[in-house]
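Asks: Provided below are the primary sequence and the corresponding predicted coordinates.
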Amino acid sequence: MKREALAVILLSAAVGVAGADTKVTGECDRIAQKLASIDQSECLNRALAITRGESVQGAPILLKEYLPMENRQPRGRVLLVGGIHGDEYSSVSIVFKWMSILDEHHTGLFHWRIVPLLNPDGLLRQEARRMNAHGVDLNRNFPMPGWEDLAPRYWVEQTNSSPRYFPGEKPLSEPESRWLVDEINGFSPDVIVAVHAPHGVVDYDGPRSGPRKLGRLYLNLLGTFPGSLGNYAGVQRRIPVVTVELPYAGTMPRPAEVAEMWRDLVRWLSKNTPAQGRLVDEPGFGEKPDQVTDPS
């Protein structure tokens, strides 16, 4: 290859990296302006990467990957997602705090992919809201058999057609939910952890039993409903989905509680991932849509 051509390639790569860094800096600035518990330096120090995912309004979906040990099969692959609902501030903040713990203590036993904010358009607008920029509740937009009948009917009958819970015109109509499904397909997580607020419990959907407690949050099965991530991944695809429902949407747990919840989560993962060989199917998960009451 001629030196001139090589120089062009190297320059293009450098410009691409610089452009990505600029995007990350811009998003960290916006996140820091919105969340009192996260400043720009804390966001930037997490070394988040730009993905191919974008919101309706073109905001990048950021991701941090923590790789397993070299030449060793990880105990499991874990996908951690915050900020599915834009008005649940604490669901984003706590993911940043957990990334900070991982940055210091990651041993490489697990392969992590962490998305602190799936719904940037919902959070980073002047007045944060649950839905994305199209007015769709992303946690109603995931596919399932019969979605076209069940999701709209549930929305009308169970929420009185509340705009906060609009499932969209069809499953995966939104770029954010499509990206997450692509990420699940590509990463093949053994466990998905989704963070919400403000019910103050641990919810679980999947073929096995979930954590009995995370910190002071105790297991309380809220059920499934059409279009939820728990229904799509936990019930339909049988990928364990741990839903962390923080007590408050606008107030973070105390640092000691954040650390305790993380320890409990890692302890449960250590005992309940495929490499441990301890997974036993249990009944009682995967309620029918007309049995559900979960508003998350």
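Replies: The structure has been received and is ready for your questions. Being a predicted model, the structure only gives us computed values, none of them experimental.
Asks: who touches the nearest residue to residue 249 once chain neighbours are set aside in this structure?
Replies: Among residues not flanking residue 249 along the chain, residue 197 sits closest, at 4.1 Å (CB to CB, 6 or more residues apart in numbering). Using the backbone N, CA and C atoms, a C-beta is placed for each residue, glycine as well. Taking CB atoms under 8 Å, 6 or more residues apart in numbering, we find residue 197 in contact with 88-91, 245-249.
Asks: repeat that for residue 231.
Replies: Neighbouring residues of residue 231 by CB under 8 Å, 6+ apart: 142, 144, 205, 224-225, 289.
Asks: out of the residues you listed, who has the most neighbours?
Replies: For the contacts of residue 231, neighbours were counted by other CB atoms under 10 Å; the highest total belongs to residue 205, with 30 neighbours.
Asks: tally of neighbours for residue 143?
Replies: A total of 17 residues lie near residue 143 under the criterion other CB under 10 Å.
Asks: then residue 132?
Replies: Neighbour tally, residue 132, other CB under 10 Å: 26.
Asks: that one contacts residue 173, correct?
Replies: No. Counting by CB atoms under 8 Å, residue 132 does not reach residue 173; the two are 10.1 Å apart.
Asks: gap between the residue nearest to residue 249 and residue 230?
Replies: Distance from residue 197 to residue 230, counting by CB to CB, to the nearest Å: 16 Å.
Asks: circling back to that earlier point, of all the contacts of residue 197, which two lie farthest apart?
Replies: 89 and 245 (14.1 Å; CB to CB).
Asks: what residues does stretch 236-244 touch?
Replies: 91, 94, 143-145, 184, 189-196, 202-208, 210-211, 214, 217, 222, 229-230, 233-234, 261, 265, 268, 272, 296.
Asks: take those residues and keep only those in helices.
Replies: Among those, the ones falling in helices (DSSP state H) are 91, 94, 184, 229, 261, 265, 268.
Asks: between these, which is closest to residue 76?
Replies: Set against residue 76, the nearest of the ones in helices among the contacts of stretch 236-244 by CB to CB is residue 268 (11.0 Å).
Asks: now do that closest one against residue 27, distance only.
Replies: In terms of CB to CB, residue 268 sits 31 Å off from residue 27.
Asks: just to revisit the earlier point, will you turn the contacts of residue 197 into TSV that also has pLDDT and neighbour count?
Replies: Shown next, in TSV, are the contacts of residue 197 (pLDDT from 0 to 100; neighbours: other CB atoms under 10 Å):
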residue	pLDDT	neighbour count
88	98	26
89	98	25
90	98	24
91	98	29
245	97	22
246	98	27
247	96	16
248	96	13
249	96	17
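Asks: next up, the contacts around the residue most central in space within the chain.
Replies: The centre of the chain sits closest to residue 81, judged by CA atoms, centre = their mean, with a distance of 1.4 Å. Shown in contact with residue 81 (CB under 8 Å, 6+ apart): 114-115, 118, 180, 192-195, 229.
Asks: any chance of these in JSON lines, plus pLDDT, neighbour count and distance to residue 100?
Replies: Converted to JSON lines, the contacts of residue 81 look like this (pLDDT from 0 to 100; neighbours: other CB atoms under 10 Å; distance: CB to CB, whole Å):
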{"residue": "114", "pLDDT": "98", "neighbour count": "22", "distance to residue 100": "11"}
{"residue": "115", "pLDDT": "98", "neighbour count": "24", "distance to residue 100": "16"}
{"residue": "118", "pLDDT": "98", "neighbour count": "29", "distance to residue 100": "19"}
{"residue": "180", "pLDDT": "98", "neighbour count": "27", "distance to residue 100": "23"}
{"residue": "192", "pLDDT": "98", "neighbour count": "28", "distance to residue 100": "21"}
{"residue": "193", "pLDDT": "98", "neighbour count": "23", "distance to residue 100": "16"}
{"residue": "194", "pLDDT": "98", "neighbour count": "28", "distance to residue 100": "20"}
{"residue": "195", "pLDDT": "98", "neighbour count": "25", "distance to residue 100": "15"}
{"residue": "229", "pLDDT": "97", "neighbour count": "28", "distance to residue 100": "25"}
